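Engineer: here is a sequence together with a model predicted from it:
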Amino acid sequence: MAAEPYYVTTPIYYVNDVPHIGHAYTTLACDALARFMRLDGRRVMFLTGTDEHGQKVEKAADDLGISAQDLADRNSANFRDLAARMGYSNDDFIRTTEPRHIEAVQHLWRVLLERGEIYLGTYAGWYSVRDEAFFAESELIKGADGKLLAPTGTGAEVEWVEEPSYFFRLSAWQDRLLEFYDAHPDFIAPHSRRNEVVSFVSGGLHDLSVSRTSFKWGVPVPNDPGHVMYVWLDALTNYLTAVGYPDTDSETFRTFWPADLHMVGKDILRFHAVYWPAFLLAAGIEPPKRVFAHGWWTNEGEKISKSLGNVIDPLTLVEEYGLDQVRYFLLREVPFGNDGDFSRSAMVQRVNGDLANGIGNLAQRTLTLIHRNCEGRVPDPDKGKIDGPDDIDLRLACGPSLLAKMRQDLEQQRFDIALQEMMAAVAKADVYITANEPWALKKTDPARMATVLYTLAEAIRSIAILAQPIMPDAAARLLDQLSVPEDARSFAHVEDQEIHWSLTPGTPLPKPEGVFPRLEDKAEA
């Protein structure tokens, strides 16, 4: 039986930006999902990359006195470096300046043109260069100085634009989009975002300008090179390019399309949940299964902005707190989909409470007891004779039951809930070790001691296997300390009851070492 496919994407990041915590957060969520699905036996395609066309890039390059391609090359490398240093496991990194992508975008354009979905006209309206988006006058916000601003929260000024333009017949798709949302209630998440999109579409759609003539840095419109394509039609098509479009008969395309999940920030939901399914349906292509719009981070209660100088560099956080600690904090601290506030005190409290005092302390206590009382080898549980209900209950709670809960949570992108479930399993193991007092059983009942320590080792093994998508390095170190072979670290070695007694009694174990050192709150110090 072929492995079930799973295709997850980040938005492609604009090369005029500097990589920050928002980019790291989005890609981290996708990385955790990709790792989880691979360990769960699925065939995964995980895509990220950079969006390199548009007026902002052309203007920034002109200001620097370099070509737009040189600027794109330099800044795209920053995002590729971020992915590598954050340990992301993406299968592909796409750039919109690649020939494969230009071929895909131009093919999609031709399909839409042939189907009568695109026509030539003249555009006059308000445009935000920073957001690369057009807005109706009714959507605009008047700033304190009287200038008109885009409604995206970026504070971007809009300008009046008049030029020849090709249009996509978006207005014709209003009712069909609403029917699509009704037929696919999980297409947009979380639910509050779905309500926003349905309300926007119900309020009426206007045809969308999909080409520009006032700048040149973009994909040329086929047979009319005076026009370049609207940056969002260009950018969104990357999700198709990466799986082989326009070859819709290829094995890769047939395996992975439609995508299982597009992960985006809430500021670009409209493009993914309105324009993108309309483009696809108009071209006769099935839309993705789900678009999830997560929230934004603030920094110590303040909105993050370059002008305030409080942009959070994720690589600086990693240097200060550790990679797995940062990964855990970002996915555990805030219900995914909500806005969240980053603070150093919250980071320290979360890492110390859940990791150092939680799973780290459990592992250190258990492995130290095994090292001292079992000659540094996996204890013999004397299974079948002393294996009691509380032993079985703990192994199930930390293994198959926990896997089932996490599987359900991550299918819905409930990262914080999945990690709460994991910490609840750790707490259950803490109760078990306190109740059974293996340190006191050495003299009174060594056979029972061996069973208790073996059961705890099995619980830690299962938890570590399930922690791999979130904290891959730390989980690997825990599994190394249990001498778990590399080929025995998939979820099948947690779920399958027949192999649930996985650790081999008598196997030598290395000397225990702490995995999660306590952090110091430097602000308090």
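Structural biologist: Perfect, I can see it now. Numbers count the residues shown, from 1 in each chain.
Engineer: CA only for contacts and neighbour counts going forward, please
Structural biologist: Will do.
Engineer: what bits of the stretch 351-500 of the chain have low per-residue confidence?
Structural biologist: 383-386, 497-500 (pLDDT under 70).
Engineer: cool, the chain as well?
Structural biologist: Scanning the chain residue by residue, the ranges that satisfy pLDDT under 70 are 1, 153, 305-308, 383-386, 497-501, 522-525.
Engineer: which residues in the stretch 201-350 of the chain form helices?
Structural biologist: With helices called from DSSP state H, counting those that start in this stretch, the stretch 201-350 of the chain shows them at 231-236, 238-241, 251-256, 269-270, 276-282, 314-321, 323-332, 344-350.
Engineer: can you check which of the ones you listed gets nearest to residue 63?
Structural biologist: Of all these, it is helix 231-236 that lies closest to residue 63, at 20.4 Å by Cα to Cα.
Engineer: which residues does the residue nearest to residue 244 when sequence neighbours are not counted contact?
Structural biologist: Leaving aside its chain neighbours, residue 244 sits nearest to residue 253 (5.7 Å; criterion: Cα to Cα, 6 or more residues apart in numbering). For residue 253, the contacting residues are 243-245, 247, by Cα atoms under 8 Å, 6 or more residues apart in numbering.
Engineer: how close does residue 253 get to residue 12?
Structural biologist: 19 Å (Cα to Cα, to the nearest Å).
Engineer: output the helices of the stretch 201-350 of the chain in JSON lines; the columns should cover distance to residue 47.
Structural biologist: Formatted as JSON lines, the helices of the stretch 201-350 of the chain follow (distance: least, Cα to Cα, whole Å):
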{"stretch": "helix 231-236", "distance to residue 47": "13"}
{"stretch": "helix 238-241", "distance to residue 47": "8"}
{"stretch": "helix 251-256", "distance to residue 47": "11"}
{"stretch": "helix 269-270", "distance to residue 47": "18"}
{"stretch": "helix 276-282", "distance to residue 47": "17"}
{"stretch": "helix 314-321", "distance to residue 47": "20"}
{"stretch": "helix 323-332", "distance to residue 47": "19"}
{"stretch": "helix 344-350", "distance to residue 47": "28"}
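Engineer: so which of those is the most packed in?
Structural biologist: helix 238-241 (a mean of 24; mean count of other Cα atoms under 10 Å).
Engineer: what lies in contact with that one?
Structural biologist: In contact with helix 238-241 (Cα under 8 Å, 6+ apart) are residues 9, 47, 94, 96, 100-101, 104-105, 246, 257, 259.
Engineer: and residue 203, which of the helices of the stretch 201-350 of the chain is closest to it?
Structural biologist: Of all the helices of the stretch 201-350 of the chain, helix 269-270 comes closest under Cα to Cα, at 13.5 Å.
Engineer: give the contact list for the closest residue to residue 335 other than its chain neighbours.
Structural biologist: In space, and not counting its chain neighbours, residue 335 is closest to residue 416: 5.6 Å by Cα to Cα, 6+ apart. Residues in contact with residue 416 (Cα under 8 Å, 6+ apart) are 331-336.
Engineer: one more: residue 279?
Structural biologist: Taking Cα under 8 Å, 6+ apart as the test, what residue 279 contacts is residue 112.
Engineer: returning to what we had before: can you tell me how far the residue nearest to residue 244 is from residue 259?
Structural biologist: Taking Cα to Cα, one finds residue 253 at 10 Å from residue 259.
Engineer: again, but for residue 469
Structural biologist: For residue 469, the distance to residue 259 - Cα to Cα - is 20 Å.
Engineer: same check on residue 277?
Structural biologist: 12 Å.
Engineer: find residues that contact each of these two.
Structural biologist: Joint contacts of residue 277 and residue 259 (Cα under 8 Å, 6+ apart) are 287-288.
Engineer: just to revisit the earlier point, relative to helix 323-332, how tilted is the helix or strand hosting the residue nearest to residue 335?
Structural biologist: Using DSSP states H and E, residue 416 falls within helix 415-436. Interaxial angle, helix 415-436 versus helix 323-332 (axes from the mean of the first three to the mean of the last three Cα atoms, to 10 degrees): 110 degrees.
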